[in-house]
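> My questions are about this predicted structure, shown below with the sequence.
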Amino acid sequence: MSLPALPKIAFGGDYNPEQWPEEVWDEDYRLFEAAGIDTVTLGVFDWALIQPASEVYDFTLLDRIVERAAAQGRRICLATGTGAHPAWLARAHPEVTRTDFEGRRHRFGQRHNSCPNSPVFRRLSAELARRIARRYAGHPAIVAWHVGNEYGGACYCELCADAFRRWLRERYKSLAALNAAWYTTFWAHTFTAWEEIEPPSALTEHWRGPDHTAFQGITLDYRRFMSDAMLGNFLAEKAAIREADPETPVTTNFMGMYQPIDYHRWAAHLDFASWDNYPPDDSSQARMALTHDLMRGLKDGQPFWVMEQTPSITASRDVNPLKRPGVMRLWSWQAVAHGADAVLFFQLRASRGACEKYHGAVIGHGGRGDTRVFREVAELGAELEQVGDAVLGARTPARVALLFDWDSWWAVEMTDGLSRLVRYQEAVLGYYRALWDAGVDVDVVPVTKDLAGYEVVVAPLLHMVKGDVAERLQEVAARGGSVVTTFLSGRVDEDDNAFLMDVPGPLGALSGVRIDEWDARGPEIVNPVLLRSGQSGGSGEPAESELEVESRLFFEIVIPAGAETIGTYGADFYAGTPAVTRNAFGDGHGWYVAAGLDQRGVSWVMREVLAAHDIELRYPDVQDLETAVRVTPEGVRVLFLLNHRAEAVEVTADRTGTDLLTGLRVEAGDPVKIEARGVLLVREDA
Ligand code: GLA
Ligand code: ZN
């Protein structure tokens, strides 16, 4: 089971016609037609509508909605409606509501509000999915199932505590193993009965919130457990769907770099990945690219769907800036460039009431088809129509991998004694941005991924070293590849206990360095780092380059154990000692970046690394001109050129092909102009 079979990139989004009278539906479909909208996601929050009372299921309205969509020739992504539970359910079974981190039992309200370990919730949500699937399975318009909505948050109720204890028994088998993993001799925590174990919350191990815990092992396990508990809800619904429908692909909408849920634990259970793209600001292009690549990496490079994005503004922020003209189109093509086979919006028509009434929509309250936003949506719809199946199912031919690991993210940000200012996402983004600027395709992959196909593997803040990842990184270097790791890597095992060896633990042999001491300072303290290449030659790098950059926040003091020095600290008592090193390992290298280099520094290091390989850098010196390649199942390469600037840019084409949007020829060696926020999709000649 993989992606929905489609003739073109899906275009449309969340559609909630149950919120308005049927006369309006005529107008909706007239406008969908005008905008080239072919796919609607239906029923995401319909539980109370379909099941108005415990014994009553009423499909009258959903039938009409589904029939209408089908009659209009739309494809349907049908939701199971379990993103919010009905009020009667919370009243009849108070156990379905959550207990928060502070221990407060919530009452009915909001959404995404169900206890994942409530048997009543589990049974009734699966039953709802079962009935919906039974009713609509086999309907020719339905191309995908959408389970729940944006799984997330956490619950700390008694049911969750019990389920946690069961999960722990399963994981550790014995209390002795659990006590060893959690290092409970510290602070008299030795557990002598499973019942003594409490969820880690503000009432137990935590102070100052979810990232301050006395026992990282307990808190890490609770996060893993919560991820698994919600996955259990998803799986129960998926199994219920499968009773009636053995085939249609099933997904749920993820949230990209969402910390509470380890999507790598989920990925295998989804038929295809999908996610909701709501970047924090309008200069997030590298962050979005990283997130798209992370989502593509969930299913081993298989294309994914953008399940939601706003056509214009969001509603949940304090300040909700408007996407500038051309930005929605540019970001939509960016998603496709990175592997999206669907471009969907939240929402197709605006709600009249409640907290999202001002959230951007393809159709606003006035129902007009002549607004700027509608026009831009319609223009994009026409372009997608024109591109047809040209990139559908196409893969990204990346030779560079970046490791992304939720466990490391969790651990590094919940550990005392390091620096609360070092943020995992920011560090990862710095390395990703360097590659993005350099114009190389990157796969963002879990640490369990087979690394045999990559020449460069970047592992920023690989704090936790699990399984055989250290050996597999060594193999990359041994066969001539380059591996880059950074400060705060190689510190702890899967249980968050320190390795009883020199830092960076199992990464030491590859890195050729030893770290005895580290220094964390506030953001105002800068240690200059002098970077110098070509000291020992060997990389084939022609000119020697030298650059002074800044480093901040975290400074490891490096004792070389075989590695050569590439960068040196300029200040403090460790001035003159290595800050960046490169170790010859087999036919390749293990790089170690011991300090929090600024972006210039990270980019310099990554360019040095790339220079040792024959990896094409596409327009590396043209700022904010993004490139990405997809290769179709037939082997046709499509090069995306995305100009994130507010002015046009002209570059020299390096391949010959045809722009799929304009039909114009692009000749290698000729100038090619990309308009402000413009996009080119060059299908390269064979
Ligand atoms: C999420 C949800 C939607 C809606 C949008 C608003 O992605 O899934 O229901 O609330 O956010 O941005
Ligand atoms: Zn609970």
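Now that the structure is in, tell me what you want to look at. Numbering: from 1, shown residues only. Ligands and ions are numbered 1, 2, ... in the order given.

> wait, doesn't Leu203 sit right on Gly103?
Yes. Under the contact definition of Cβ atoms under 8 Å, Leu203 touches Gly103, with a separation of 4.7 Å. For every residue, glycine as well, the C-beta is placed using N, CA and C.

> quick check: longest strand of the chain.
strand 546-560 (DSSP state E).

> strands paired with the helix or strand just after that one, and their directions?
As assigned by DSSP states H and E, the chain's next helix or strand after strand 546-560 is strand 564-569. As defined by DSSP bridges, the strand partners of strand 564-569 come to strand 527-532 (antiparallel), strand 578-585 (antiparallel).

> The longest one: which residues count as buried?
Of the residues in strand 578-585, those scored as buried under the neighbour-count criterion (16 or more other Cβ atoms under 10 Å) are 578-583, 585.

> do the same with the shortest one
Buried residues in strand 527-532, counted by 16+ other Cβ under 10 Å: 527-532.

> Turn those into TSV, including distance to Glu471.
Output for the buried residues of strand 527-532, formatted as TSV (distance: Cβ to Cβ, whole Å):
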residue	distance to Glu471
Asn527	33
Pro528	36
Val529	30
Leu530	33
Leu531	30
Arg532	31
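
> Helices along the stretch 451-600 of the chain, start to end?
Taking DSSP state H, counting those that start in this stretch, the helices of the stretch 451-600 of the chain run over residues 469-478, 508-511, 599-611.

> Distance to ligand 2 added to those helices, as CSV?
CSV is the format used below for those (distance: least, Cβ to the ion, whole Å):
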stretch, distance to ligand 2
helix 469-478, 33
helix 508-511, 42
helix 599-611, 41
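
> So which of these is nearest ligand 1?
Closest of the helices of the stretch 451-600 of the chain to ligand 1 is helix 599-611, at 29.3 Å (criterion: Cβ to the nearest ligand atom).

> ok, and what's touching that closest one?
When contacts are defined by Cβ atoms under 8 Å, 6 or more residues apart in numbering, helix 599-611 is touched by residues 400, 430-431, 433-435, 437-438, 440, 456, 458, 482, 484, 529, 531, 533, 539-541, 545, 547, 549-551, 566-567, 580, 589, 591, 593, 597, 617, 620.

> relative to strand 546-560, how tilted is it?
Interaxial angle, helix 599-611 versus strand 546-560 (axes from the mean of the first three to the mean of the last three Cα atoms, to 10 degrees): 80 degrees.

> ok, back up a step: filter the contacts of helix 599-611 down to the buried ones.
Buried members of the contacts of helix 599-611, counted by 16+ other Cβ under 10 Å: 400, 430-431, 433-435, 437-438, 440, 456, 458, 482, 484, 529, 531, 533, 539, 549-551, 566-567, 580, 589, 591, 593, 597, 620.

> in the stretch 151-300 of the chain, what residue is nearest ligand 1?
For the stretch 151-300 of the chain, Cβ to the nearest ligand atom, closest residue to ligand 1: Asp276, 3.9 Å.

> On the pLDDT front, check the residue lying farthest from the centre of the chain for me.
Distance to the chain centre peaks in the chain at Phe573, reaching 40.0 Å (criterion: Cα atoms, centre = their mean). Phe573 is assigned 98 on the pLDDT scale.

> okay if I get the buried residues of strand 527-532 as TSV plus distance to Lys8 and pLDDT?
As requested, the buried residues of strand 527-532 are exported to TSV (distance: Cβ to Cβ, whole Å; pLDDT from 0 to 100):
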residue	distance to Lys8	pLDDT
Asn527	53	98
Pro528	53	98
Val529	49	98
Leu530	53	98
Leu531	47	98
Arg532	51	96
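
> I'm done for today, thanks for sticking with me.
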